[in-house]
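Participant: The following block contains a protein sequence and its predicted model.
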Amino acid sequence: MVSKSREVLLEVKNLRVEFGEGKKKKFTAVDDVSFNIYRGETFGLVGESGSGKTSIGRAIVRINKAADGQILFKGEIISGNIPKQLDREITRKIQMIFQDPMASLNERAKVDYIVSEGLYNLKNYKNEEERRAKVEQALRDVGLLPEFASRFPHEFSGGQRQRIGIARVLVMEPELIIADEPISALDVSIRAQVLNLLSDLQKKKGLTYLFIAHDLAVVRFITDRTAVIHKGKIVELAETERLFENPLHPYTRALLSAIPIPNPRLERNRKIEIYDPACHDYSKNPPFWVEIEPEHFVLANEKELEEYRKKVPGHGI
Ligand SMILES: Nc1ncnc2c1ncn2[C@@H]1O[C@H](COP(=O)(O)OP(=O)(O)OP(=O)(O)O)[C@@H](O)[C@H]1O
């Protein structure tokens, strides 16, 4: 159970991310998105391809510009122009793991250089000895041998490469890690190992994760709370088990109904719900973000809210 008294590590407030210039070409990839991430939790962001998940992650690490809204880390604004010292601090403390370890590692560099890149950029080591010790520790932390530092990425399997991707993040001693589909490019047989590694590291180092995924079984396994995003807007957010037990928004319901059940008898009777955006009458009756029961938020207009309320015990807040 996530308690409200927990420390908020990251706040995303009314974030908008746009691509393209000019009125006609401008495209809003993230539209008025707000959520908090508590220290020590794994916060899931799910939605189909193109829904804006990566754009949010990239806005948090400041690769994407926030066209509107704010991002705060431990109460300090980190979006827009920020002082150099804070910029350095955030660059170290918020790190991102990328989806495809085949594409994200520099093939011509040795593991030693790949893992050290962030350290070099921030000059975050006293001397060569300390740098090497940090790299070796990071490799050990992800279950690789320190000797691997002198090898090239092509000498490793997909799972090992993703471990190198995790080591280059860990070496920075981050507080928040944005894991953008960290296992979806891996063989099914090694996905669980990498997920378990992320869980173990979280416990050992007190890490906080923003876990971006489209695989809902993985999200259910690893996250504490989940936000569902559709076309750049978060439509529902709740503790993960609550969301899976009682999805309210039609898009969440459709998404969850698409998960196969590993039991032929139940699977045969599974009802797949289809999401039809036309089911909302938003032109006359605009939606708002509402906490319908403790820690369970949904995007709804007045009429929908009435229906959703009937579905929560005690008819919600
Ligand atoms: N640099 C860019 N320039 C123009 N459009 C972009 C850019 N990056 C993302 N987009 C568009 O923004 C939308 C959201 O993309 P985003 O990558 O955030 O989605 P996603 O949910 O992470 O999808 P996926 O799971 O496929 O990565 C998409 O329509 C995408 O085409």
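Facilitator: Ah, there it is. Since the model is a prediction, treat every value here as computed from it, not as a measurement.

Participant: Enumerate the residues of this protein near the ligand.
Facilitator: Residues of the chain found near the ligand (Cβ under 6 Å from any ligand atom) are 19, 29, 47, 49, 50, 51, 52, 53, 54, 55, 214. Yep, even glycine has a C-beta here, placed from its N, CA and C like the rest.

Participant: Report the contact partners of the nearest residue to the third one once chain neighbours are set aside.
Facilitator: Which is residue 47. Closest residue to residue 47 apart from its sequence neighbours, by Cβ to Cβ, 6 or more residues apart in numbering: residue 229 at 3.8 Å. Contacts for residue 229 were tallied using Cβ atoms under 8 Å, 6 or more residues apart in numbering; they are 33, 45, 46, 47, 51, 52, 53, 56, 235.

Participant: that older thread, identify those among the residues of the chain next to the ligand that sit within strands.
Facilitator: Using DSSP state E to define strands, the subset of the residues of the chain next to the ligand located there is 19, 29.

Participant: Torsion angles phi and psi at residue 225?
Facilitator: As for residue 225, its main-chain torsions (degrees, to the nearest 10) stand at phi -130, psi 160.

Participant: Roughly how far does it sit from residue 234?
Facilitator: 12 Å (Cβ to Cβ, to the nearest Å).

Participant: neighbour-wise, which of the two wins?
Facilitator: Using other Cβ atoms under 10 Å, the more surrounded residue of residue 225 and residue 234 is residue 234, with 27 against 22.

Participant: In stretch 214-228, which residues are buried?
Facilitator: 214, 216, 218, 219, 220, 222, 223, 224, 225, 226, 227, 228 (16 or more other Cβ atoms under 10 Å).

Participant: looking at this protein, which helix or strand does the model trust least?
Facilitator: Ranking every helix and strand in the chain by mean pLDDT, DSSP states H and E puts helix 101-104 at the bottom, with a mean of 76.

Participant: buried ones in that one?
Facilitator: Judged by neighbour count (16+ other Cβ under 10 Å), helix 101-104 contains these buried residues: 101, 104.

Participant: for it, packing partners?
Facilitator: Applying 3 or more Cβ pairs under 8 Å, 6 or more residues apart in numbering; DSSP states H and E, one finds that helix 101-104 contacts helix 158-170.

Participant: all helices for the stretch 1-150 of the chain, in order.
Facilitator: Taking DSSP state H, counting those that start in this stretch, the helices of the stretch 1-150 of the chain run over residues 53-60, 84-93, 101-104, 111-122, 128-141.

Participant: Which residue is the nearest non-sequential neighbour of residue 193?
Facilitator: Nearest residue to residue 193, sequence neighbours excluded (Cβ to Cβ, 6+ apart): residue 159, at 6.3 Å.

Participant: In contact with residue 45, which residues?
Facilitator: Contact partners of residue 45, counting by Cβ under 8 Å, 6+ apart, are 53, 56, 57, 210, 211, 212, 213, 226, 227, 229.

Participant: neighbours around the first one, how many?
Facilitator: This points to residue 53. Neighbour count of residue 53, defined by other Cβ under 10 Å: 25.

Participant: right, and it touches residue 59 too?
Facilitator: No: between residue 53 and residue 59 there is no contact, the gap being 11.0 Å when judged by Cβ atoms under 8 Å.

Participant: Contacts for stretch 289-308, please.
Facilitator: By Cβ under 8 Å, 6+ apart, the residues outside stretch 289-308 that reach it are 2, 4, 34, 225, 233-239, 242-243, 246, 248-249, 280-282, 285-288, 309, 312-314, 316-317.

Participant: how does it look with 7 Å?
Facilitator: By Cβ atoms under 7 Å, 6 or more residues apart in numbering, the residues outside stretch 289-308 that reach it are 2, 34, 233, 235-239, 242, 248-249, 280, 282, 285-287, 309, 312, 316-317.

Participant: Ok, stretch 233-247 next?
Facilitator: 2, 31-33, 35, 44, 219-220, 223-228, 248-249, 251-253, 256, 295-299, 311-312.

Participant: Separate out the buried members of those.
Facilitator: Neighbour counting by 16+ other Cβ under 10 Å classes 2, 31-33, 35, 44, 219-220, 223-228, 248-249, 251-253, 256, 296-299, 312 among these as buried.
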